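# Below is the sequence, then the predicted model.
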Amino acid sequence: MSAFPGELPAACLEKVRDACAGRVVAGALVLGSGLGRLLEVWPLLESLAGATLPGYPTSTVPGHASRVAVVRWGERAGLVFQGRVHFYEGYGRGDVTFAVRLAAALGADWVLLTNAAGAIDARLTPGTVMVVEDHLRLNLGGRIARGAAPGPTLRGAPYHPQRTEQLFRILAREGLRVVRGVLAGCLGPSYETAAEVEMARRLGTQAACMSTVIEAEEASRQGMEVAAVSLVTNLATGLAGGRLDHAEVVAMAAEVGPRLAQGLAAVVGEWTAN
């Protein structure tokens with residue numbers, strides 16, 4: 001596992017920089033479950049398996065491929081991270097934030113984070129897309145603190161207001177059922193209990209996931225403009241009958257993912273054109 005907040009491995013930076021073939025990096029995109037189709041949208045410069053990148057953490061979770069795709073966005077390059085690692089896999093903060101720190105080190109101006117999420121607000125039926133305006137950090141545990149160090153204090157939410165509004169507008173224009181909301185970042189790997197879901201609802205959140213919030217905070221500290229979107233794949237515990245299962249979440253993400261991928265491609269197209 002990589003150190004944090006120490007330097008990223010120089011060999012990793014060099015390999016990804018070489019894959020950019022001299023192009024300036026415009027931004028980065030972290031793909032959650034079911035959004036791999038986005039990689040078909042843009043010309044691929046190179047696809048790098050995480051295992052071939054020194055220090056890069058590899059996921060143990062189905063649906064997270066641990067790949068870095070370098071794609072062409074006009075005259076510039078884009079970094080598309082397929083899959084991510086989580087605290088519940090045993091990784092520390094340095095590994096969970098590796099991708100966004102790599103993007104920042106390579107000069108990315110912005111990062112768009114995506115995830116599959118469970119609805120805490122029952123009105124967010126599966127297939128709803130939630131643009132994240134703020135978050136509640138509930139994924140508190142020993143591994144979060146391990147390797148952490150004091151850094152610039154965030155003032156307000158890490159999500160960039162203009163990017164967030166543009167994200168909402170473009171996804172709505174593309175015909176997606178889109179809302180704004182607050183994301184609860186939970187530790188996992190177990191789904192939240194009904195009591196925890198009710199607590200999060202009373203605290204003002206609309207959806208929950210096991211990623212994104214620490215990435216968003218670190219990306220903002222690194223100077224990138226941050227936006228995030230959650231694809232609601234299921235109702236959280238206590239809001240629907242039956243037991244939750246990760247395979248069902250992946251299946252729903254795969255079903256709705258292509259439509260969201262089309263919308264996100266439009267977002268990236270507008271951001272890179274400007």
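Everything's here; your move. Residues are numbered from 1 along each chain as shown.
# Grab the nearest non-local neighbour of Leu124.
Val232 (4.9 Å; C-beta to C-beta, 6 or more residues apart in numbering). C-beta coordinates here come from the backbone N, C-alpha and C atoms, glycine included.
# Please identify which helix or strand holds the one you found.
strand 225-235 (DSSP states H and E).
# quick one, the helix or strand following that strand and strand 225-235 angle?
The helix or strand immediately downstream of strand 225-235 is helix 246-273, counting by DSSP H and E. Inter-element angle recorded for helix 246-273 and strand 225-235: 150 degrees (by axes from the mean of the first three to the mean of the last three C-alpha atoms, to 10 degrees).
# Give me the helices and strands touching helix 246-273, please.
The contact analysis (3 or more C-beta pairs under 8 Å, 6 or more residues apart in numbering; DSSP states H and E) places helix 246-273 against strand 25-31, strand 76-82, strand 110-119, helix 161-173, strand 225-235.
# With distance to Tyr88 and mean pLDDT as added columns, please give these in a markdown table.
Converted to a markdown table, the helices and strands packed on helix 246-273 look like this (distance: least, C-beta to C-beta, whole Å; pLDDT from 0 to 100):
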| stretch | distance to Tyr88 | mean pLDDT |
| --- | --- | --- |
| strand 25-31 | 17 | 96 |
| strand 76-82 | 19 | 95 |
| strand 110-119 | 14 | 94 |
| helix 161-173 | 27 | 97 |
| strand 225-235 | 18 | 92 |
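# what would those look like in JSON lines with mean neighbour count and distance to Glu196?
Converted to JSON lines, these look like this (neighbours: other C-beta atoms under 10 Å; distance: least, C-beta to C-beta, whole Å):
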{"stretch": "strand 25-31", "mean neighbour count": "24", "distance to Glu196": "25"}
{"stretch": "strand 76-82", "mean neighbour count": "24", "distance to Glu196": "28"}
{"stretch": "strand 110-119", "mean neighbour count": "27", "distance to Glu196": "11"}
{"stretch": "helix 161-173", "mean neighbour count": "17", "distance to Glu196": "26"}
{"stretch": "strand 225-235", "mean neighbour count": "26", "distance to Glu196": "14"}
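# could you redo those as JSON lines and give each row distance to Thr193?
Listed next are the helices and strands packed on helix 246-273 as JSON lines, based on distance: least, C-beta to C-beta, whole Å:
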{"stretch": "strand 25-31", "distance to Thr193": "28"}
{"stretch": "strand 76-82", "distance to Thr193": "31"}
{"stretch": "strand 110-119", "distance to Thr193": "12"}
{"stretch": "helix 161-173", "distance to Thr193": "30"}
{"stretch": "strand 225-235", "distance to Thr193": "14"}
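# so which of the ones you listed gets nearest Thr58?
strand 76-82 (11.6 Å; C-beta to C-beta).
# and the following helix or strand past that closest one, what's its mean pLDDT?
Using DSSP H and E, the helix or strand that directly follows strand 76-82 along the chain is helix 93-96. For helix 93-96, mean pLDDT is 89.
# Which strands and helices lie in contact with helix 93-96?
By 3+ C-beta pairs under 8 Å, 6+ apart, helix 93-96 packs against helix 142-145, helix 213-221.
# repeat that with 7 Å
helix 213-221 (3 or more C-beta pairs under 7 Å, 6 or more residues apart in numbering; DSSP states H and E).
# State the distance from Gly223 to Ala69.
According to C-beta to C-beta, to the nearest Å, Gly223 and Ala69 sit 23 Å apart.
# Please apply the same query to Phe87.
Phe87 is 24 Å from Ala69, by C-beta to C-beta.
# Of Gly223 and Ala69, which one has the most company?
Ala69 (22 against 10; other C-beta atoms under 10 Å).
# With adjacent residues omitted, what lies nearest to that one?
Val80 (4.2 Å).
# Quickly list what the one you found is bridged to.
Beta-bridge pairing of Val80 under DSSP bridges involves Leu29, Ala69.
# so it makes contact with Arg72?
No: applying C-beta atoms under 7 Å as the test, Val80 and Arg72 come out as separate, 11.1 Å apart.
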